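Novice: Take a look and give me a structure for this.
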Amino acid sequence: MKRPAAWCSLLGLGCLYAGWALGAQPVVIVDPGGAPPEVLQSITESLDAITRLAEDQDVREVARLRRRAWDATQAALRTQGYFDATVDLEATEAQDDQPEYWDITIETGERTQVRQVGLSFSGAIMADPWSARRADLRAGWALQPGMPFINDDWSSAKLNLLDQVAHQDFYYARYGQTQAQIHPDEAQADLLLEVDSGPPVRLGELQVLGLKRVPETLVRRYVRYEPGQAYDQALLTEWQQALQDTQFFRGAFVTLDDGTQPAGGSPDAPSDNGNGLRVRVDVPRPEGDAPVTLPVRVQVTEGLARWFKGSLGVDSDHGARAEALYHQNVVWGWPVWIETGAGVDADRQKAFFDLHLPPGADGARDSLGLLYDHSDVEGVETHLAGLGWKRKQLRKAAGSSRVEYEVLWGGQLLHEENRISGSDRYAVSAGTLNWQWQRRDLNSKYDPREGNLIELGLGVGATLDGAEPFYRARVRAQQWWSVGARDVLTVRAEVGKVWSRSDNVPQSFMWRTGGSRSIRGYRYDSIGVRRGDATAGAPVLGVLGVEYTHYFTDMWGANVFVDAGDAAASFQDFKWHLGYGAGAVANTPAGPFNVALAWAQNDRRLRLVFAMGIAF
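Specialist: As a prediction, the model looks like this:
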């Protein structure tokens, strides 16, 4: 028996759900009868699992599976509000080399709508102090009369209401009664829901578990409240996040000690509906509506006391390089951590020591540091020693937005000695203050393929001997556009300027450009102001770049690019240095790898540009 081909469409009259299959797997043809796409998707997902079971089954078992297919179709319709639907399943048995066919015809009938909602409360929440809150809860109820009755919406609305009650004051809230009465003949649903708040809960004494090296004062720095204060899950969540954001703990849980948690070890995590609201409906509840005081329990797992990290790399700018870092949590019993390390390559050698303070209540991270840096690039040899302070603060935008804001403040006292080949030597001691603001809206912080970044920077400084002031401003922006399934277009721009009445400005405050991370095709920092036989830092910077990347896989890709810019004495002296080329990119587990051939238009030279590294 030959069957005509069926047209498969969510909006059409019929849908060929499963194609030809090996063995005895049946072909299912569904006539949805006007069922909306979300209903048809639910039906086909259920039927897919059932038809796979039919392969290599005997006749009696296949007959049972037909019944299960009919039941699954009916169940999917009911969850979407079609309680009076008619489902017919006609089976054509397999013949010769033809599989068995199941023709399923659906008449949805009228979709059930919510007719009335009986929403009530009991427990301490019925007292006068919470009258406004009851009104807000009623106003925020999601499933209103006239809406389609969909089972998932009903479950979500119930859980959200219970969460809102249990989120603040009423830790022991639970359902009193819940009922959905369906009238299929009338296509109406009457809903009844009662939430029993139980007694109000107050915060009691603080219990801290799991500390070994970290002093308890660090926990109390973030978990701050007055005993007797009303319970608020938002506060507990905020405290927990603050503890987890420090370098001292691998894990932290902040909960109420309701008597159900063990004396040691990790506490049981409360259920979470995905909205950040937590509710415990399985906790034994005290009798009556009198206020209850529960201790605040902080369970932490401390991080490693100390660790060492290192990295090796090589790139076209500096050749081979090596870096080492030592980190220690808690120093002499104080809740601080230190980082010290060194880095070496052909052009630069540096060493540093940083002391980090624990984050403040507003998330600000302060650190103090010592730095020694020696570099010899393009005829400018610099010895820099500095003492600095830095404050970094990260803030995320409201809601589910991926936008992040980062603000960085810094101050430094530095002494810099410079030897410029073919020119002069000079030393400068100065104090500087810097501010940097950055906005990130990226799909990935480390491998962005869509989004943008904007950065503003301001700096002010003065020499310590003559009090000669100097100023700096910088703007940087980058945009990533996703093109099709695997292509990415990137555009970047950077502009900066230094103002000073004197040439006695630290080289670290000026600009040079060129290299694999700026204008490809030119040597690293080879573009700047010529002084003697050297290329020194310039007071004006401008760089543009355009790159198009095609990814063959999630890891491997190829790109073409054009870079242009200059570092000059002024914008009037600005001369474009053009570089362009093509290359390959790989995001490997060992780190990113980039290699390209770039032509430096002004130098009339082709250069290999690459960068790779591995951390250990």
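
Novice: tell me the domain ranges of this structure?
Specialist: Domain assignment of the chain by automatic domain parsing yields the ranges 15-107, 113-196, 201-302, 363-615.

Novice: and Ala324, which of those is closest to it?
Specialist: Set against Ala324 and scored by CB to CB, these come closest in domain 363-615, at 11.0 Å. Placement of C-beta: from N, CA and C, glycine included.

Novice: just how off-centre is the closest one within its chain?
Specialist: If you compare the mean C-alpha spot of domain 363-615 with that of the full chain, they lie 25 Å apart, counting by CA atoms, centre = their mean, to the nearest Å.

Novice: do the same with stretch 138-155
Specialist: If you compare the mean C-alpha spot of stretch 138-155 with that of the full chain, they lie 31 Å apart, counting by CA atoms, centre = their mean.

Novice: cool, and stretch 154-166?
Specialist: 26 Å.

Novice: Next: stretch 237-253.
Specialist: 17 Å.

Novice: Which residue, other than its chain neighbours, is closest to the most centrally placed residue in the chain?
Specialist: Averaging the C-alpha coordinates of the chain gives a centre point, and the residue nearest to it by CA atoms, centre = their mean is Arg402 (6.5 Å). Closest residue to Arg402 in three dimensions, ignoring its sequence neighbours and counting by CB to CB, 6 or more residues apart in numbering: Asp441, at 6.2 Å.

Novice: for the chain, what helix or strand is lowest in average pLDDT?
Specialist: Sorting the helices and strands of the chain by mean pLDDT, DSSP states H and E puts strand 15-16 at the bottom, at a mean of 40.

Novice: May I have the strands that pair with the helix or strand following it, each with its orientation?
Specialist: Note on strand 15-16: by DSSP states H and E, the next helix or strand toward the C-terminus is strand 27-31. Applying DSSP bridges, strand 27-31 is found paired with strand 15-16 (antiparallel), strand 101-107 (parallel).

Novice: can you tell me the average pLDDT over strand 27-31?
Specialist: Confidence over strand 27-31 (mean pLDDT, whole number) is 79.

Novice: how far does it sit from the chain's center?
Specialist: Strand 27-31 has its C-alpha centroid displaced from the chain centroid by 42 Å (CA atoms, centre = their mean).

Novice: immediately after it, which helix or strand?
Specialist: Elements were assigned by DSSP H and E; along the chain past strand 27-31, the next helix or strand is helix 37-54.

Novice: From the contact counts, what lies against that following helix?
Specialist: strand 27-31, helix 59-79 (3 or more CB pairs under 8 Å, 6 or more residues apart in numbering; DSSP states H and E).

Novice: Tell me the buried residues in that helix?
Specialist: Using 16 or more other CB atoms under 10 Å as the burial criterion, the residues of helix 37-54 that qualify are 39-40, 42-44, 46-47, 50-51, 54.

Novice: now, which of those sits nearest Leu236?
Specialist: The shortest separation between Leu236 and any of the buried residues of helix 37-54 is 37.1 Å, and it belongs to Ser42 (by CB to CB).

Novice: Touching, the closest one and Ala76? I think so.
Specialist: Yes. Under the criterion of CB atoms under 8 Å, Ser42 lies in contact with Ala76, with a separation of 4.2 Å.

Novice: which of the domains of the chain has the lowest average pLDDT?
Specialist: Of all the domains of the chain, the minimum mean pLDDT falls on domain 15-107 (a mean of 72).

Novice: Please compute how far that domain lies from its chain's middle.
Specialist: Here domain 15-107 is found 41 Å from its chain centre; the criterion is CA atoms, centre = their mean.

Novice: The residue nearest to Val543 when sequence neighbours are not counted: what's it in contact with?
Specialist: Excluding its sequence neighbours, the residue lying closest to Val543 (CB to CB, 6+ apart) is Gly565, at 3.4 Å. Neighbour list for Gly565: 494, 513, 518-519, 527, 541-544, 576-577 [criterion: CB atoms under 8 Å, 6 or more residues apart in numbering].

Novice: if I look at Gly565, how far off is Pro295?
Specialist: Taken as CB to CB, to the nearest Å, the spacing of Gly565 relative to Pro295 amounts to 61 Å.

Novice: Please apply the same query to Val314.
Specialist: According to CB to CB, Val314 stands 56 Å off from Pro295.

Novice: How about Pro215?
Specialist: Summarising the geometry, the distance separating Pro215 from Pro295, computed by CB to CB, is 20 Å.

Novice: in stretch 132-148, what counts as buried?
Specialist: Those would be 133-134, 137, 141, 143, 148, for stretch 132-148 by 16+ other CB under 10 Å.

Novice: What are the boundaries of the helices in the stretch 51-200 of the chain?
Specialist: Taking DSSP state H, counting those that start in this stretch as the criterion, the stretch 51-200 of the chain contains helices spanning 59-79, 131-139, 151-167.

Novice: The residue nearest to the centre of the chain belongs to a helix, doesn't it?
Specialist: No. The assignment for Arg402 by DSSP: H, G, I helix; E, B strand; the rest coil gives coil, which leaves it out of any helix.

Novice: would you turn the helices and strands packed on helix 37-54 into JSON lines with distance to Gly388?
Specialist: Listed next are the helices and strands packed on helix 37-54 as JSON lines, based on distance: least, CB to CB, whole Å:
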{"stretch": "strand 27-31", "distance to Gly388": "69"}
{"stretch": "helix 59-79", "distance to Gly388": "61"}
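
Novice: Which of these sits closest to Phe253?
Specialist: For those, proximity to Phe253 was assessed by CB to CB; helix 59-79 is nearest, at 35.3 Å.

Novice: how about the closest one: buried residues?
Specialist: Of the residues in helix 59-79, those buried by neighbour count under the rule 16+ other CB under 10 Å are 62, 65-66, 69-70, 72-74, 76-79.

Novice: Could you do stretch 247-254 as well?
Specialist: In terms of neighbour count (16+ other CB under 10 Å), stretch 247-254 has its buried residues at 247-249, 252-254.

Novice: How far away from the center of its chain is that stretch?
Specialist: When C-alpha coordinates are averaged (CA atoms, centre = their mean), stretch 247-254 and its chain have centres 19 Å apart.

Novice: Other residues contacting that stretch?
Specialist: Outside stretch 247-254, the residues that touch it by CB under 8 Å, 6+ apart are 214, 218, 223, 236-237, 239-240, 243-244, 266-267, 269, 296-303, 327, 329-330, 335, 337, 356, 358.

Novice: Can you flag the buried ones in these?
Specialist: Buried residues within the contacts of stretch 247-254, defined by neighbour count using 16+ other CB under 10 Å: 214, 218, 223, 236, 239-240, 243, 267, 296-300, 302-303, 327, 329-330, 335, 337, 356, 358.

Novice: any idea of the pLDDT on Trp7?
Specialist: Looking at Trp7, the pLDDT reads 34.

Novice: Find the nearest non-adjacent residue to Leu578, please.
Specialist: Beyond its immediate neighbours in the sequence, the residue positioned closest to Leu578 (CB to CB, 6+ apart) is Gln601, lying 3.9 Å away.

Novice: Could you pull up the contacting residues of that neighbour?
Specialist: Gln601 makes contact with 521, 577-580 under the criterion CB under 8 Å, 6+ apart.

Novice: about what we covered before: nearest to His318, of the domains of the chain?
Specialist: Nearest to His318 among the domains of the chain is domain 363-615 (6.7 Å), distances taken as CB to CB.
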